[in-house]
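Chemist: here is a sequence with its predicted model. Questions after.
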Amino acid sequence: MNNVTRIAIVDDHKILRDGLKALIQEMENTIFEFEASNGLEFIRLLPNFNPDVVIIDISMPVMNGDEAVKQAKKIAPQLKFIVLSMHTDEHYFQTMKDLDVDGFIIKESDYNELELAINTVKKGGKYFSQQLLLNLIDQKNDKNLNSLTPREVEIVKLLSLGLSTLEIAAKLNLSVRTIEKHRSELLLRTQSANSISLIIYAIKNGLISI
């Protein structure tokens, strides 16, 4: 049962929760753990369950998703979060960058994208809706910035595909420590808070494309 992924759903719309549960029940090695209609309910229920991945909306009554994520990480730091939302603008995405969530998919996403997002973040990678990335490219910054080395571009591209540090190290035949060092230097050079910020930086400045 170690390969089973347990999913919690947090959204204030019951019809959406029911739809997600139906999709999750069709996936292999995936179990629906519990649901909550707002952030506060989620925080109260969390100690009674053991989810691996939480699919959560940000805009909810009683307690917003951003506050719920902050509190949940204190209770269970190992939790992976996928934000499910209808918003794809950069201003809204700043909240998710600050929270360092593991994935983002839009509410119009299909079964395959949901399954891909869950599997990616469970393995330690990051997943971003293609629609979100395309919208951010449309808002591309024309400011001239220093380019990255070919190796750095390669690493950022692999990060954007949702690969974990371990997977990138194996693919490039490098040590995990080397990849972590490259990532740390990239975050420092681009003044990015996390991998999400780094990928968006690279896309917006034309350093990588999708």
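Modeler: Happy to help now that I have it.

Chemist: and Pro47, backbone torsions?
Modeler: Recorded main-chain torsions at Pro47 are phi -60, psi -20, according to degrees, to the nearest 10.

Chemist: so who does it touch?
Modeler: Applying Cβ atoms under 8 Å, 6 or more residues apart in numbering to Pro47 gives the contacts Ile75. Every residue, glycine included, has its C-beta placed from N, CA and C.

Chemist: distance of it from Gln71?
Modeler: Using Cβ to Cβ, to the nearest Å, one gets 11 Å for the distance from Pro47 to Gln71.

Chemist: and Gly31, what pLDDT?
Modeler: Careful, residue 31 is Ile; it's not Gly. Here, the pLDDT recorded for Ile31 equals 94.

Chemist: what sits against it?
Modeler: With contacts defined as Cβ under 8 Å, 6+ apart, Ile31 is in contact with 4-7, 24.

Chemist: swap in 10 Å and give it another go.
Modeler: Contacts for Ile31 (Cβ atoms under 10 Å, 6 or more residues apart in numbering) come out as 1, 4-7, 24-25, 51-52.

Chemist: thought Asn194 was touching Leu187?
Modeler: Yes. In this structure Asn194 lies within contact range of Leu187 using Cβ atoms under 10 Å: 7.3 Å.

Chemist: what are the ranges of the helices in this protein?
Modeler: Secondary structure of the chain (DSSP state H): helices at 14-26, 39-45, 65-75, 90-99, 111-122, 130-138, 150-160, 165-172, 176-189, 195-204.

Chemist: can you redo those as JSON lines with mean pLDDT, distance to Phe32 and mean neighbour count?
Modeler: JSON lines is the format used below for the helices of the chain (pLDDT from 0 to 100; distance: least, Cβ to Cβ, whole Å; neighbours: other Cβ atoms under 10 Å):
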{"stretch": "helix 14-26", "mean pLDDT": "91", "distance to Phe32": "5", "mean neighbour count": "14"}
{"stretch": "helix 39-45", "mean pLDDT": "96", "distance to Phe32": "13", "mean neighbour count": "19"}
{"stretch": "helix 65-75", "mean pLDDT": "93", "distance to Phe32": "18", "mean neighbour count": "18"}
{"stretch": "helix 90-99", "mean pLDDT": "69", "distance to Phe32": "23", "mean neighbour count": "16"}
{"stretch": "helix 111-122", "mean pLDDT": "89", "distance to Phe32": "12", "mean neighbour count": "19"}
{"stretch": "helix 130-138", "mean pLDDT": "58", "distance to Phe32": "25", "mean neighbour count": "15"}
{"stretch": "helix 150-160", "mean pLDDT": "84", "distance to Phe32": "29", "mean neighbour count": "18"}
{"stretch": "helix 165-172", "mean pLDDT": "91", "distance to Phe32": "27", "mean neighbour count": "17"}
{"stretch": "helix 176-189", "mean pLDDT": "84", "distance to Phe32": "33", "mean neighbour count": "15"}
{"stretch": "helix 195-204", "mean pLDDT": "76", "distance to Phe32": "27", "mean neighbour count": "22"}
